[in-house]
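1. compute the structure for the input listed below.
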Amino acid sequence: MKTKKVLKCTATSLFLIVFAFGCAGTKTKSQSEKDVARDDLRTMTAQTLDQLYQKEPAAKDAVAGAAGYAVFSDFGIKVGLMGGAHGKGMAVNNTTKQGTFMDMVELQPGLGVGAEKYHIVFIFENPEAFNKFVTSGWELGANAMAAAKDDKGKGGGDAGAVTVSDGVKMYQLSDTGAIVGVSITGAKYYKDDDLN
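-> Predicted coordinates for the structure are as follows:
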């Protein structure tokens, strides 16, 4: 009986989280609201990169020498056994300097309560990885994260980063700019049709 009750509460929590994040993105924006949203994302990207470079100076060369990079600001909520996060960001092609505005959604299984804001920086080491991320969308599952944790801490020019896919490295920063352990699972990244 207790198991049924826990499952029902978990399902209800998950539904409310997904519903809340889904509703947050359905309102059509005016042109001026879109311009403000784009400017906010550009500012967030610049500030996040500055924070990263302060903590990991070698990351500046890694970003500059990459095919492209992407920066996201995510807000997550955890209630009971399930949680979720929704965020926005932008991916930048280092050759063309063109920015593509992106969305992300994440499901976070595991016990917990509370809210958390964090930032993610992806570094794409080759054009194929960058183009796939921007044009096809991208999913980051638990298997990728297990492999990423094994790669963490190798040091070198990208100390603090983890490899999450072939040709893709990632940093996760707290809202204060501290580099934190990577904890993202079940995340999906896709182009924001409203802002592009």
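2. contacts, neighbours, all on C-alpha from now
-> Will do.
3. which elements pack onto the longest helix belonging to the chain?
-> When the chain is parsed with DSSP state H, its longest helix is helix 31-55. On a contact count with 3 or more CA pairs under 8 Å, 6 or more residues apart in numbering; DSSP states H and E, helix 31-55 meets helix 58-64, strand 68-79, strand 82-93.
4. give the pairing partners of the last one; include direction for each.
-> Strand 82-93 has its sheet partners listed here by DSSP bridges as strand 68-79 (antiparallel), strand 99-107 (antiparallel).
5. output that strand as CSV, nothing but the C-alphas.
-> The C-alpha trace of strand 82-93 is given here as CSV (Å, rounded to 0.1, in the frame of the first residue of the first chain):
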residue,chain,number,x,y,z
MET,A,82,11.5,13.3,-9.0
GLY,A,83,12.8,16.6,-10.2
GLY,A,84,13.2,18.5,-13.4
ALA,A,85,15.0,21.5,-14.8
HIS,A,86,14.3,23.9,-17.7
GLY,A,87,16.8,26.2,-19.2
LYS,A,88,17.8,28.4,-22.0
GLY,A,89,21.0,29.1,-23.7
MET,A,90,22.9,29.8,-26.9
ALA,A,91,25.3,27.9,-29.1
VAL,A,92,28.0,29.8,-30.9
ASN,A,93,29.9,28.7,-34.0
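6. what inclination does it have with respect to helix 31-55?
-> Angle, strand 82-93 to helix 31-55, by axes from the mean of the first three to the mean of the last three CA atoms, to 10 degrees: 90 degrees.
7. and residue 136, how far from residue 189?
-> Distance of residue 136 to residue 189, computed by CA to CA, to the nearest Å: 9 Å.
8. that should have said residue 175, apologies.
-> 20 Å.
9. more neighbours, the two?
-> residue 189 (22 against 16; other CA atoms under 10 Å).
10. quick check: residue 95 touching residue 65?
-> No. Assessed by CA atoms under 8 Å, residue 95 is found out of contact with residue 65, at 10.0 Å.
11. these two: which has the busier surroundings?
-> Set side by side, residue 95 and residue 65 show more neighbours around residue 65, with 16 against 11, by other CA under 10 Å.
12. that one: what's it in contact with?
-> Residue 65 makes contacts with residue 125, as judged by CA atoms under 8 Å, 6 or more residues apart in numbering.
13. which residues does residue 44 contact?
-> residue 73.
14. what about residue 139, how many residues nearby?
-> 17.
15. what pLDDT is listed against it?
-> With respect to pLDDT, residue 139 has a value of 81.
16. Provide the partner residues of the nearest residue to it once chain neighbours are set aside in its beta bridges.
-> Nearest residue to residue 139, sequence neighbours excluded (CA to CA, 6 or more residues apart in numbering): residue 188, at 4.3 Å. Note on residue 188: beta-bridge partners by DSSP bridges are residue 105, residue 139.
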